[in-house]
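Peer 1: the amino acid sequence is not available; the structure is as follows:
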């Protein structure tokens, strides 16, 4: 059973989780950070009421990683950024997200997956795989 160390509004941080310096959680949405998860300095989480961000247990999140659940529909040339959208982000337990990566809304990162530094994740990442690039693409299966 997961023991909640901190609960503040929609933010739930489980025991053993470390949110290291100069990180920030924006918005009033639901953010859950699992037990023994490490969030390095500079991690930014843009929460949204309609799109929970769920980070599993024993994850390692590198410096400067951004979780961005929101976006916009493309509209006419008079204003291209139309009405806002937001979709859930889920990171499976045991995953490692490298420095400077961006995780966009609607994405699930499978258990034990690795996202290489500087990647932009726009699609689901299967469990126990390594993805890299902009946009992130499958590089190999991990054992």
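Peer 2: Looks like it came in fine. Because the structure is predicted, anything quoted here is derived from the model rather than measured.

Peer 1: quick one: residue 110 from residue 118, how far?
Peer 2: 20 Å (Cβ to Cβ, to the nearest Å). (Each C-beta comes from the backbone N, C-alpha and C, glycine too.)

Peer 1: burial of residue 106, as a residue count?
Peer 2: Per other Cβ atoms under 10 Å, the neighbour tally for residue 106 reads 17.

Peer 1: which helix or which strand is home to it?
Peer 2: In the assignment (DSSP states H and E), residue 106 maps to no helix and no strand.

Peer 1: list the contacts of stretch 68-77.
Peer 2: 29, 46-48, 51, 53, 80-89, 102-106 (Cβ atoms under 8 Å, 6 or more residues apart in numbering).

Peer 1: kindly list the main-chain dihedrals of the spatially most central residue of the chain?
Peer 2: The chain has residue 67 as the residue nearest its centroid, 4.2 Å off, counting by Cα atoms, centre = their mean. Backbone torsions of residue 67, given as degrees, to the nearest 10, read phi -110, psi 120.

Peer 1: so how far is residue 142 from it?
Peer 2: 22 Å.

Peer 1: now the protein, which segments are flagged as low pLDDT?
Peer 2: The model of the chain has pLDDT under 70 over residues 1-7.

Peer 1: how does it look with 80?
Peer 2: Applying pLDDT under 80 to the chain flags residues 1-9.

Peer 1: which secondary structure state is assigned to the residue of it positioned farthest from its centre?
Peer 2: Relative to the centre of the chain, and counting by Cα atoms, centre = their mean, the farthest-placed residue is residue 78 at 32.1 Å. Of the three states, residue 78 takes coil under DSSP: H, G, I helix; E, B strand; the rest coil.

Peer 1: and it, how close does it get to residue 85?
Peer 2: Residue 78 is 19 Å from residue 85, where distance means Cβ to Cβ.
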